[in-house]
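1. Any chance you could fold what I've pasted below:
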Amino acid sequence: MTWREEYNAYILSEQWRRIRINVLARADGKCEACEIHRAYLEVHHLHYKTFKNESLTDLVACCPECHKLLDAKRESETFHRIEDARFHGWCNKVYGEDGDYFDEEEAHERYCAWLENRT
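-> Reported below is the predicted structural model:
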């Protein structure tokens, strides 16, 4: 089962229905992002670390417009975490596991040059 299939199945589950109802009740008709009362709210995962085991603090009720913005923000943060992990992995290979002795700015310049030369 792909992640998307697992996600879609979960969104249809009784477990999700219950937690979704609680998040929407907490919001009381107000988007928790823009704080405007809306006729329709959706539930947004702030992250997927606790997917299928979410607490109410892992989720926010939001209007569709804010939901799109929150999705983009989460994707951007995920992208930056991945890029940061790649950079530090490269540093470990180039400078060794200790790596405390290198200048991070200089290392980042070398990393970017290495990336450009790879393509």
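2. going forward, measure contacts and count neighbours with C-alpha atoms only.
-> Fine.
3. Packing partners of the lengthiest helix in the chain?
-> The single longest helix within the chain, with elements called by DSSP state H, is helix 64-95. For helix 64-95, the packing partners by 3 or more CA pairs under 8 Å, 6 or more residues apart in numbering; DSSP states H and E come out as strand 42-45, helix 104-118.
4. Now tabulate the ones you listed in JSON lines and tack on distance to Thr78 and mean pLDDT.
-> Below are the helices and strands packed on helix 64-95 laid out as JSON lines (distance: least, CA to CA, whole Å; pLDDT from 0 to 100):
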{"stretch": "strand 42-45", "distance to Thr78": "13", "mean pLDDT": "96"}
{"stretch": "helix 104-118", "distance to Thr78": "19", "mean pLDDT": "84"}
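5. Please produce JSON lines containing the ones you listed, extended by mean neighbour count and distance to Asp84.
-> As requested, those are exported to JSON lines (neighbours: other CA atoms under 10 Å; distance: least, CA to CA, whole Å):
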{"stretch": "strand 42-45", "mean neighbour count": "18", "distance to Asp84": "22"}
{"stretch": "helix 104-118", "mean neighbour count": "12", "distance to Asp84": "10"}
